[in-house]
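*Asks:* Provided below are the primary sequence and the corresponding predicted coordinates.
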Amino acid sequence: MAGAAREGAPRVLHLHSTFAAGGKELRSVQLINAFGESLRHAIVSADPGQYGAAEHIEQGVEVRYPRDFPSLQGKPLPRRLQKLARAMQPYDLVLTYNWGAMDAVMAHTLFTDAMGLPPLIHHEDGFNEDEQERLKTSRNWYRRIALGKTSGLVVPSEVLEGIALHAWQQPIGRVKHIPNGINTAKFSASPPPDALRGVIKHEGEQWIGALAGLRPVKNLTALVRAVAHLAEDWQLVIVGEGPQRDAIRDAAEAAGIAHRVHLPGFVANPASYIGLFDIFALSSRSEQFPLSVVEAMAAALPVAAPAVGDIAAMVAQENAPFIVRPNDETALGEALQVLATDPDLRAQIGEANRVKARKHFDAADMVAAYRRLYDSALGGGVIR
């Protein structure tokens, strides 16, 4: 193991496409907190301005943010890749995340033998807008080569597992399917009406809620239009930040429901407020295994969403009729309409979702799987 002679806990290098407070980043933080003092961490973001997830790392965990680390962005020229490889040498384990860190993965594969680099485990959680409809052939080839000497390729969804095995031609022993998990018990509380910053749920209101980055791939203007056909007491609350805020507001104005659409921004700790929602909704063009759906299920909510990624397989069987064709605004609106008019159906589906979330998507199982994988790469007996 590279660096085994050093004193102290193993040093883990995290190379992220971004370290904003999104799904994969908060999962990484969840694992960092769970492993505690067993590991020391260094975190690098390909987008140097995005380190919002760092706010959620618990005190007492040793974390550095080496701003002098070579940029993860640029042309994959030999000298640059060699520089990236050299920067990995001081660590005991390298963890890379998504396409934005793929040059580092390539650098590791090319130079690991010559430089004695530490083991590397790559994580893929989905795709940017430029691959939401169809994977790029050039990137598929690049991934096939770059992933050649990794100690593992972690994917959270069955869809991504299939892509890894076939499009990227990775051996079955390298691909590790670990579903995302949460502390499901935390989502059982009933929050007060003012639990969500900046928005109060008034008596008689019903809420359709979404937790999503305000980005084009989330297609949130379509959700606005779908909600426009519901009764006046139905409000749409979209929790998240991103460049599509103005577009969502414009869509709400055009649909005549600006007074019923609320954008409180990013709010941490969904367990403290997601129970205010009556229906959870997504309108994304692309997802893999959205953690927000698991959170909604744990809070006993019905889910209306397109059948992208693993969503159709994630929800309980009772919820299946409300997972609709992708990119079909009309079908999404009809699903919302049925749920909005039948509170007993919402309660029945919500309870089935809660049971499934607790059985299949609890954080304890996820953390244990990652602990086994990382500990094996480090040589065993390290991560408590």
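*Replies:* Sure thing, it's come through.
*Asks:* which non-adjacent residue is nearest the spatially most central residue of the chain?
*Replies:* Centrality entry for the chain: nearest residue to the mean C-alpha point is G23, 2.7 Å, by CA atoms, centre = their mean. Computed as CB to CB, 6 or more residues apart in numbering, the closest residue to G23 that is not its neighbour in sequence is L291, at 4.7 Å. (C-beta placed from N, C-alpha, C; glycine too.)
*Asks:* V61 now?
*Replies:* In space, and not counting its chain neighbours, V61 is closest to I32: 5.9 Å by CB to CB, 6+ apart.
*Asks:* That neighbour reaches E62, doesn't it?
*Replies:* No - I32 is not in contact with E62 according to CB atoms under 8 Å; the separation is 9.9 Å.
*Asks:* For these two, indicate the residue with more neighbours.
*Replies:* More crowded of I32 and E62, by other CB atoms under 10 Å: I32, with 22 against 15.
*Asks:* Determine the set of other helices and strands touching whichever helix or strand the more buried one is part of.
*Replies:* Element membership for I32, per DSSP states H and E: helix 23-35. Applying 3 or more CB pairs under 8 Å, 6 or more residues apart in numbering; DSSP states H and E, one finds that helix 23-35 makes contact with strand 11-16, strand 93-97, helix 291-298, helix 363-378.
*Asks:* picking that back up, residues shared between the contacts of I32 and E62?
*Replies:* H41 (CB atoms under 8 Å, 6 or more residues apart in numbering).
*Asks:* hmm, back to that, per-residue pLDDT of the residue nearest to the centre of the chain, please?
*Replies:* Note for G23: predicted pLDDT of 80.
*Asks:* thought it was touching N98?
*Replies:* No - with contact defined as CB under 8 Å, G23 does not reach N98; the gap is 11.0 Å.
*Asks:* which residues do those two both contact?
*Replies:* D125.
*Asks:* which residues touch M366?
*Replies:* Counting by CB under 8 Å, 6+ apart, M366 touches I178, P179, N180, G181.
*Asks:* Report the separation between the spatially closest residue to the last one that is not a sequence neighbour and G380.
*Replies:* Spelled out, that is G181. Excluding the flanking residues, the one nearest G181 by CB to CB, 6+ apart is M366, at 3.2 Å. Using CB to CB, to the nearest Å, we find M366 at a distance of 20 Å from G380.
*Asks:* and if you look at D344?
*Replies:* Separation of D344 from G380 (CB to CB) stands at 52 Å.
*Asks:* More neighbours: those two, which one.
*Replies:* G380 (10 against 7).
*Asks:* Roughly how far does the more buried one sit from R371?
*Replies:* For G380 relative to R371 (CB to CB), the value is 11 Å.
*Asks:* likewise Q206?
*Replies:* Counting by CB to CB - Q206 and R371 are separated by 41 Å.
*Asks:* Also Y97?
*Replies:* As defined by CB to CB, Y97 lies at a distance of 18 Å from R371.
*Asks:* who has more neighbours, the two?
*Replies:* When neighbours are counted by other CB under 10 Å, Y97 and R371 differ, and Y97 comes out ahead with 26 against 17.
*Asks:* Need the residues that contact the helix ranked longest in the chain.
*Replies:* Criterion DSSP state H: the longest helix present in the chain is helix 343-360. With contacts defined as CB under 8 Å, 6+ apart, helix 343-360 is touched by 179, 182, 184-185, 187-188, 278-279, 294, 296-303, 315-319, 322, 338-339.
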